[in-house]
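Visitor: quick one, structure for this:
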Amino acid sequence: MNYNEYQDKIKSLNISSIKLTQIIGVSKTTPPAVWKRKNSVPILVERFLELLEKLPEDERVLYIHHKLKEAENKA
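Guide: Down below sits the predicted model:
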């Protein structure tokens, strides 16, 4: 997946890059900057987005909310 496809995918899932990095547990800004520079997104991120995409929207929203709460509590 290239960076533009990644941007389109997170936009269609209504999630920001920062929120996604919080959910997967990586630095908020560095990975997306590297992905943009390389124009390539790690396969782990690509697969995670595919799984999110398969969830019904209401379940996806609850999952994202739950994971963001978990990340917030760890910080």
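Visitor: find the helix or strand that the residue nearest the centre of the chain is a member of.
Guide: For the chain, the residue sitting closest to the mean C-alpha position, by C-alpha atoms, centre = their mean, is residue 20 at 3.0 Å. If you go by DSSP states H and E, residue 20 is part of helix 17-24.
Visitor: what comes into contact with that helix?
Guide: 7, 10, 27-29, 31-32, 44-45, 48-49, 64, 67-68, 71-72 (C-beta atoms under 8 Å, 6 or more residues apart in numbering). For glycine as for every other residue, the C-beta is placed from the backbone atoms N, C-alpha and C.
Visitor: among the residues you listed, name the ones in strands.
Guide: Among the contacts of helix 17-24, no member is found in strands (DSSP state E).
Visitor: pull out the buried members of those residues.
Guide: By neighbour count, with 16 or more other C-beta atoms under 10 Å, the contacts of helix 17-24 hold 10, 31, 32, 45, 49, 64, 67 as buried.
Visitor: where does the protein have low pLDDT?
Guide: Within the chain, the segments meeting pLDDT under 70 span 75.
Visitor: how far does the longest helix along the chain sit from its chain's centre?
Guide: Secondary structure assigned by DSSP state H gives helix 57-74 as the longest helix of the chain. Remark: helix 57-74 is offset 12 Å from the chain centroid, using C-alpha atoms, centre = their mean, to the nearest Å.
Visitor: buried set for that helix?
Guide: Within helix 57-74, the residues scored as buried using 16+ other C-beta under 10 Å are 60, 64, 67.
Visitor: for residue 31, give me its contacts.
Guide: Neighbours of residue 31 in contact, by C-beta under 8 Å, 6+ apart: 21, 42.
Visitor: contacting residues for residue 73?
Guide: Contacts for residue 73 (C-beta under 8 Å, 6+ apart) come out as none.
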